[in-house]
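Chemist: Generate coordinates for the sequence data below:
(one chain, ligands or ions: 1)
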Amino acid sequence: MLITRLFKFSASHRYYDEARSPAENWALFGPCSYPNGHGHNYVLEVSVRGIVDPTTGMIINLKDLKTVVDQEVTQRYDHRHLNLDVDDFAGTQPTTEQVAVAIWQRLVAKMPIGELARIRLWENDDLYAEVSP
Ligand code: NI
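Modeler: Numbering: from 1, shown residues only. Got it, this is the predicted structure:
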């Protein structure tokens, strides 16, 4: 059984590969390559798999899950520029895919109980990346 909680954070990013020419960057990334970046209101779904404790009725105490996600994700990324304020995306681009991978890596070993089963990171209403084991 899975339980899923949603978390929200806002962050800026820019896609630009210094190893490519400006024209190549424009062809590849379009407006996402504008020098000053742009922002998104991200929605993160975190799903935990486990056994329902018969006495609490819970797989995981959602307060404990929130504490972990706040520490590992929200405090790190919220109101930050993902290219400039964290080093998680050095050598790559802070795409939906890569941000989701970074979040997975930060959370997977930190579950207070149960097992991290899946995360989905929504960048827009029509785009998400999903990571599972
Ligand atoms: Ni973007």
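
Chemist: And the strands in this protein?
Modeler: For the chain, applying DSSP state E gives strands covering 2-13, 38-49, 80-81, 115-124, 127-131.

Chemist: Would you format those strands as TSV with mean neighbour count included?
Modeler: Any C-beta I mention is one placed from the backbone N, CA and C, and that applies to glycine too. As requested, the strands of the chain are exported to TSV (neighbours: other C-beta atoms under 10 Å):
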stretch	mean neighbour count
strand 2-13	16
strand 38-49	18
strand 80-81	16
strand 115-124	18
strand 127-131	16
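
Chemist: between the ones you listed, which one is nearest to residue 59?
Modeler: Among those, the nearest to residue 59 by C-beta to C-beta is strand 2-13 (4.7 Å).

Chemist: Who are the packing partners of the closest one?
Modeler: Strand 2-13 is packed against strand 38-49, helix 62-69, strand 80-81, with contacts defined by 3 or more C-beta pairs under 8 Å, 6 or more residues apart in numbering; DSSP states H and E.

Chemist: State the mean pLDDT of the shortest one.
Modeler: Per-region confidence: strand 80-81 scores 98 on mean pLDDT.

Chemist: What's the separation between the residue of the chain most remote from its centre and residue 98?
Modeler: Farthest-out residue of the chain from its mean C-alpha position, per C-alpha atoms, centre = their mean: residue 55, at 32.4 Å. Going from residue 55 to residue 98 by C-beta to C-beta, to the nearest Å gives 41 Å.
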